[in-house]
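Novice: Using only what follows, build the 3D model:
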Amino acid sequence: MKSRFLIAALLLAAPASAQVDRPEYVRALAAGYKASFLCSDIFNAGQSEEQVARDDLKRIYPELEPLIPGLDAAIDREAKTVSVAFSDKLPPRIAAWRPHLGCAQLPIGAGADAVRLLPRLGVDPAVGRNDRLRWPDGDSNAAARPKGDAGALTRAVASAFDRRTYGQGSETTAVVIVQDGRIVAERYRDDFDMHMSQRTWSVAKSLAGTIVGAAVQKGLLDVDAPAPIPEWRSPGDPRASITTDQLLRMASGLHGDAAGNRTDATYFGGSSVTENATQWPLETAPGTRFRYANNDILLAIRGLRARLGDGERALAFPFEALLWKIGMTRTVPETDWQGNFILSSQVWTTARDLARLGLLYQNDGMWNGERILPPGWGAYVSRHGPAQPASGYGYGATFWTFPAAAGLPADAYIAQGNRGQYLAIVPSRRIVIVRRGYDGPGTAFDPAPFVRDVLAALR
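Specialist: Just a heads-up that it's a prediction; the model follows:
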């Protein structure tokens, strides 16, 4: 299906041409990339250095990958920092881990003494992993026999790992299938298990849309009102009219620096959301154009932070309003060095935690009798806006819909992330499907036929 390659192109866009003439900066980005992934994979996920080198430092951005093996990394397991040297004139790039908030990168040129200045979550309720609780709050009693053809389901899951059926050269690490609230199929690559996390990449955008939903439920935000972005409040600034809804729909009308709105300065360069995402001018009228834009989602969360205040309340909100309530205790949303959540990409989570997120939507935002999301929020995040991408996939407000040609139920929708991260929700069938992977350029896993085969096996 051609549309999946168009989606992959959006999720892994070509680098900005301006970087070609800036080899020192590209080298700094490569060092930041290596520091970030080593830090997060080791201290969030418990992966080995060998795993990180094989999976998260291979088949990546083509301008960075050749540089990474030649950059020496120093891992301090006691201080939970990673330093990667890249220049004889500047300090190494440094990423430092904090409880619950994961790894943050220091700006290019900052020394190790700046680690102590990184924001930390002051409240620490000693959240347990809750493994002994019954699923989905914990991991006990999670499995059930599938209703349908168990053999066909087993074959579909096995095919997801064969590196050819759903995408030549694709690399699957985890699959979790939930039917009627229980796990009916679950499989991991040999070196993975249900508690090992990976980066969500752009599935984080769907998590951002969910966090916004939790804020709407609490009366903190109105998505149809102008987004409360402090940097846009100068008199006469036309961006002040952009709504949170338009940001969630990637229809802000803002200019960006590259096709696909690559945000390398924020992701790997140690710059902050408020330094970068808030600076771009309008390019077209808000609400009239879809343009895949990391910045739009970063700005939606920036607005929520401003509404909550820039202190402890904002840092704690995703955990207390959503994650810890629904058992996502192994999900780590990371921040920049100024405390802005990078919820367009930089979240580490497990396949089971993503399945929990899917169950929240399947249950129309209810969890253990408590309303977490507004009624109908799933319909909102999957409803097409007036501006749509050119590919067969439709876009709502942080979730995607399948092409009509896929032959899937009309209410099916999906969170998608680079390197093959997928969370599909089919409310009418009470089915949630998670696939995690390390796909590289040109090896995209096609979720549509996989979802179709899983649905055909279940009844």
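Novice: Low-confidence stretches in the stretch 251-400 of the chain?
Specialist: Applying pLDDT under 70 to the stretch 251-400 of the chain flags the ranges 258-261.
Novice: could you pull out the helices for it?
Specialist: 264-267, 273-276, 294-308, 312-318, 351-362, 377-382 (DSSP state H, counting those that start in this stretch).
Novice: Which secondary structure elements does the helix or strand containing residue 36 sit against?
Specialist: Taking DSSP states H and E as the definition, one finds residue 36 inside helix 23-43. Using 3 or more CB pairs under 8 Å, 6 or more residues apart in numbering; DSSP states H and E, the elements in contact with helix 23-43 are helix 49-55, strand 73-76, strand 81-84, strand 93-98, strand 102-105, helix 264-267. Where you see a C-beta, it was placed from the backbone N, CA and C, and this is true even at glycine.
Novice: so what's the residue most central in space within the chain closest to, chain neighbours aside?
Specialist: Nearest to the geometric centre of the chain sits residue 204, at 2.2 Å (CA atoms, centre = their mean). Distance criterion CB to CB, 6 or more residues apart in numbering; nearest residue to residue 204, sequence neighbours excluded, is residue 347 at 4.2 Å.
Novice: Okay, and the beta partners of that neighbour?
Specialist: For residue 347, the beta-bridge partners are residue 333 (DSSP bridges).
Novice: What's the separation between it and residue 457?
Specialist: Residue 347 sits 30 Å away from residue 457, going by CB to CB, to the nearest Å.
Novice: Comparing these two, which shows the higher neighbour count?
Specialist: Between residue 347 and residue 457, counting by other CB atoms under 10 Å, residue 347 is the more crowded of the two (31 against 22).
Novice: Break the protein into its domains for me.
Specialist: Here the domain parsing of the chain from automatic domain parsing is 15-117, 173-457.
Novice: Reformat the ones you listed as JSON lines; add distance to residue 141.
Specialist: What follows is these, written out as JSON lines (distance: least, CB to CB, whole Å):
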{"stretch": "domain 15-117", "distance to residue 141": "25"}
{"stretch": "domain 173-457", "distance to residue 141": "8"}
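Novice: Enumerate every residue touching residue 447.
Specialist: 4, 166, 414, 416, 422, 424, 435 (CB atoms under 8 Å, 6 or more residues apart in numbering).
Novice: Give the helix, strand or coil label for the second one.
Specialist: Right, the one you point to is residue 166. coil (DSSP: H, G, I helix; E, B strand; the rest coil).
Novice: and it, backbone torsions?
Specialist: phi -110, psi 10 (degrees, to the nearest 10).
Novice: chain center to stretch 40-53, what's the gap?
Specialist: Centre-to-centre, stretch 40-53 and its host chain are 18 Å apart (CA atoms, centre = their mean, to the nearest Å).
Novice: now stretch 349-368
Specialist: With CA atoms, centre = their mean, you get 15 Å for stretch 349-368.
Novice: first to last residue in it, what's the distance?
Specialist: Stretch 349-368 stretches 22 Å from its first residue to its last (CA to CA, to the nearest Å).
Novice: next one: stretch 157-171
Specialist: Note: stretch 157-171 ends 13 Å apart using CA to CA.
Novice: quick one: average pLDDT of it?
Specialist: For stretch 157-171, mean pLDDT is 97.
Novice: Tell me how far residue 165 lies from residue 435.
Specialist: When residue 165 is compared with residue 435 (using CB to CB), they lie 12 Å apart.
Novice: what about these two, which has more around it?
Specialist: Higher neighbour count among residue 165 and residue 435: residue 435, with 27 against 18, using other CB under 10 Å.
Novice: Surely that one is within a helix?
Specialist: No: according to three-state DSSP, residue 435 belongs to no helix; its state is strand.
Novice: Contacts only, for it.
Specialist: So residue 435 contacts 160, 172, 174-175, 420-422, 445, 447, 450 (CB under 8 Å, 6+ apart).
Novice: Mark which of those residues are part of helices, please.
Specialist: Those of the contacts of residue 435 mapping onto helices are 160, 447, 450, per DSSP state H.
Novice: Is the first one in contact with residue 166, as I believe?
Specialist: I take that to be residue 160. Yes: using CB atoms under 8 Å, residue 160 is in contact with residue 166, at 6.0 Å.
Novice: who touches both of those two?
Specialist: Common neighbours of residue 160 and residue 166, using CB under 8 Å, 6+ apart, are 445, 450.
Novice: Give the buried residues for the helix holding residue 36.
Specialist: Residues of helix 23-43 classed as buried: 26-43 (neighbour count, 16 or more other CB atoms under 10 Å).
Novice: Contacts for stretch 152-169, please.
Specialist: By CB under 8 Å, 6+ apart, stretch 152-169 touches 146, 170-172, 175, 177, 184-185, 187, 189, 420, 435, 439-440, 442-447, 449-450, 453-454, 456-458.
Novice: Quick one: buried ones out of these?
Specialist: Buried residues within those, counting neighbours by 16+ other CB under 10 Å: 146, 170-172, 175, 177, 184-185, 187, 189, 420, 435, 439-440, 443-447, 449-450, 453-454, 457-458.
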